[in-house]
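S.K.: Sharing a model prediction with you, sequence too.
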Amino acid sequence: MGRFLDEVRDDHPAYRLESGDDGLTLIRRRGREDEFNRLARSLIDGGHDDVVVFPTPDDEGYERVFVVPL
């Protein structure tokens, strides 16, 4: 799988992107729960050796994922 940070987009339909000093936060967009959950699950399951992920679950799956580059 490619480098995750090369794949992140500001205009992704499933999440809003917030940038911080230590990494990125992907925040689920309303109405895109299934798509965001698939993305979060793929990050959690691995395949990216350039980041560490910290997901935040809620009643509908995952609400946000904090991504820290290595």
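M.R.: Noted; the coordinates are in hand.
S.K.: list the contacts for E33?
M.R.: Counting by Cβ atoms under 8 Å, 6 or more residues apart in numbering, E33 makes contact with E60, G61. (C-beta placed from N, C-alpha, C; glycine too.)
S.K.: What's the per-residue pLDDT of it here?
M.R.: Looking at E33, its pLDDT is 96.
S.K.: ok, the residue located most distally from the centre of the chain to E33 distance?
M.R.: Distance from the centre of the chain peaks at D59, with 17.2 Å (Cα atoms, centre = their mean). D59 is 10 Å from E33, where distance means Cβ to Cβ, to the nearest Å.
S.K.: out of everything not next to it in sequence, what's closest to D49?
M.R.: L70 (7.5 Å; Cβ to Cβ, 6 or more residues apart in numbering).
S.K.: What of R32?
M.R.: A14 (4.3 Å).
S.K.: Surely the one you found and E35 touch.
M.R.: Yes. A14 lies in contact with E35 (Cβ atoms under 8 Å); the separation is 4.1 Å.
S.K.: what about those two, which has more around it?
M.R.: A14 (19 against 15; other Cβ atoms under 10 Å).
S.K.: and that one, what does it touch?
M.R.: R28, R29, R32, E35, F36, L39.
S.K.: ok, 6 Å please
M.R.: R29, R32, E35, F36, L39 (Cβ atoms under 6 Å, 6 or more residues apart in numbering).
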